[in-house]
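In: have a look at this prediction, sequence included:
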Amino acid sequence: MCGKLYVVATPIGNLADFSYRAVETLKHVDLIAAEDTRHIKILLQHYAINNKLISIHQHNEEKVAPGLIDKLKKGMSIALVSDAGTPLISDPGMPLVKLAKQEGIDVSPIPGACALIAALSVSGLSVTKFSFEGFLPRTSSARKTFFMTKKNMSVTWVFYESSHRIVASLNDLAGVIPIDRKIVIARELTKIYETVVSDSLDRVVERVKQSANMQKGEFVVLVEGAVIEKKLEVVTDEQKRVLLVLLKECSIKTAVAMAVEITGARKKVLYQAALELKNKADE
Ligand code: SAM
């Protein structure tokens, strides 16, 4: 009988953001697979969790995962945790989860904090649909190219950024996206210096540049989707003339149907124009 792999979310700053079920799981599994065993000890000590740890991070996970699968197959239960937030979300864990699924091992989430979701929930931007872009390319030119591909996207898009690159990334963004586009910066969420700034891109860039404090910590950046303006379809004078002639002889329905045939314009547009012409004629 196979054991179970638990994917356990940990706090993104505030240690109190850890669920009862997460604590119980970390206490009772046979092994905790952690991104950084020293880092996770702070959380484990806080909740008086004493359990065996093994290290699994981006540089060793391909190697370590098969060994953990063997343990799961022997019936052991394992909890996967990253340094902060939900594992696999811009964090290690994918090879282990993928392999476990391939081997038919039960994989169960213990949900909790995720910077992306926390930021979206307070952004005030539309979140019905959104696109998560993870971390951005490291070079300025690659970032600008990336921003070009996102410029006209109509849904809110979100990326993670570090203190080292926040100013450079915002500068690149302002070089590509209209500066009046609304953006939100969610910094140090759940921590003492939590700051959420929502404003036009140019004002947010200015604010971050002017304050050294605003450049410190961890960031989620959210960009409002582009408003795609629907082009108003204008009825030409010639189309109106055709409609007028037809309206003298037939019903609106027939006149519009014939005008569509003659002019090739859209039925909906001609129908609206026909109604207006008829109303004017009846006045
Ligand atoms: N797995 C994590 C999650 O569920 O959010 C994300 C891990 S990723 C390696 C770390 C990045 O997440 C940071 O560079 C930052 O962009 C974002 N992040 C993590 N904690 C944050 C916080 N408290 N406030 C704002 N952003 C945070």
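Out: Received the coordinates, thanks.

In: only C-alpha atoms for contact and neighbour calcs from this point on.
Out: OK.

In: tell me the SS of residue 13?
Out: With DSSP: H, G, I helix; E, B strand; the rest coil as the basis, residue 13 sits in coil.

In: quick one: contacts for it?
Out: Applying Cα atoms under 8 Å, 6 or more residues apart in numbering to residue 13 gives the contacts 84, 188, 189, 190, 191.

In: over to residue 56?
Out: Residues counted as contacts of residue 56 (Cα under 8 Å, 6+ apart) are 33, 34, 35, 36, 64, 92, 93.

In: return the one helix or strand the first one maps to as CSV; C-alpha atoms alone will do.
Out: According to DSSP states H and E, residue 33 maps onto strand 31-34. The C-alpha coordinates for strand 31-34 follow below in CSV (Å, rounded to 0.1, in the frame of the first residue of the first chain):
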residue,chain,number,x,y,z
LEU,A,31,9.3,12.7,6.5
ILE,A,32,9.3,16.4,5.6
ALA,A,33,10.9,17.3,2.3
ALA,A,34,11.9,21.0,2.6
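
In: just checking, which helix or strand succeeds it along the chain?
Out: The helix or strand immediately downstream of strand 31-34 is helix 37-46, counting by DSSP H and E.

In: what residues of that next one count as buried?
Out: Within helix 37-46, the residues scored as buried using 16 or more other Cα atoms under 10 Å are 37, 40, 41, 43, 44.

In: just those residues that are near the ligand?
Out: When the buried residues of helix 37-46 are filtered against the ligand using Cα under 6 Å from any ligand atom, no residues are retained.

In: can I get the residues you listed in a markdown table including pLDDT?
Out: Formatted as a markdown table, the buried residues of helix 37-46 follow (pLDDT from 0 to 100):
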| residue | pLDDT |
| --- | --- |
| 37 | 96 |
| 40 | 97 |
| 41 | 97 |
| 43 | 98 |
| 44 | 98 |
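
In: closest to residue 24 among the residues you listed?
Out: In terms of Cα to Cα, no member of the buried residues of helix 37-46 lies closer to residue 24 than residue 44, at 11.3 Å.

In: what are the ranges of the strands in the stretch 1-150 of the chain?
Out: 4-8, 31-34, 53-55, 78-81, 106-110, 130-135 (DSSP state E, counting those that start in this stretch).

In: highest average neighbour count across the ones you listed?
Out: For those, the stretch with the most neighbours on average is strand 78-81, a mean of 27; neighbours defined as mean count of other Cα atoms under 10 Å.

In: for that strand, name the packing helices and strands.
Out: strand 4-8, strand 31-34 (3 or more Cα pairs under 8 Å, 6 or more residues apart in numbering; DSSP states H and E).

In: quick one: the last one to chain centroid distance?
Out: Averaging C-alpha positions (Cα atoms, centre = their mean, to the nearest Å) puts strand 31-34 28 Å from its chain's average.

In: let's have the chain start at 39 instead
Out: All set: I'll call the first residue 39, so the last point we hit is now strand 69-72.

In: neighbouring strands - and their directions - for it?
Out: Using DSSP bridges, the strands paired with strand 69-72 are strand 91-93 (parallel), strand 116-119 (parallel).

In: which positions in the chain make contact with the ligand?
Out: Going by Cα under 6 Å from any ligand atom, the residues of the chain near the ligand are 50-51, 122-125, 127-129, 152-154, 198-200, 224-228, 256-258.

In: re the thing from before, now render the strands paired with strand 69-72 as TSV, adding mean pLDDT.
Out: Formatted as TSV, those follow (pLDDT from 0 to 100):
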stretch	mean pLDDT
strand 91-93	98
strand 116-119	98
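
In: mind putting these in JSON lines, distance to residue 204 included?
Out: Output for the strands paired with strand 69-72, formatted as JSON lines (distance: least, Cα to Cα, whole Å):
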{"stretch": "strand 91-93", "distance to residue 204": "30"}
{"stretch": "strand 116-119", "distance to residue 204": "27"}
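
In: between the ones you listed, which one is nearest to residue 273?
Out: Among those, the nearest to residue 273 by Cα to Cα is strand 116-119 (61.4 Å).

In: so the residue nearest to residue 246 when sequence neighbours are not counted versus residue 65, what's the distance?
Out: Nearest residue to residue 246 in three dimensions, chain neighbours excluded: residue 252, at 5.3 Å (Cα to Cα, 6 or more residues apart in numbering). Distance of residue 252 to residue 65, given as Cα to Cα, to the nearest Å: 38 Å.
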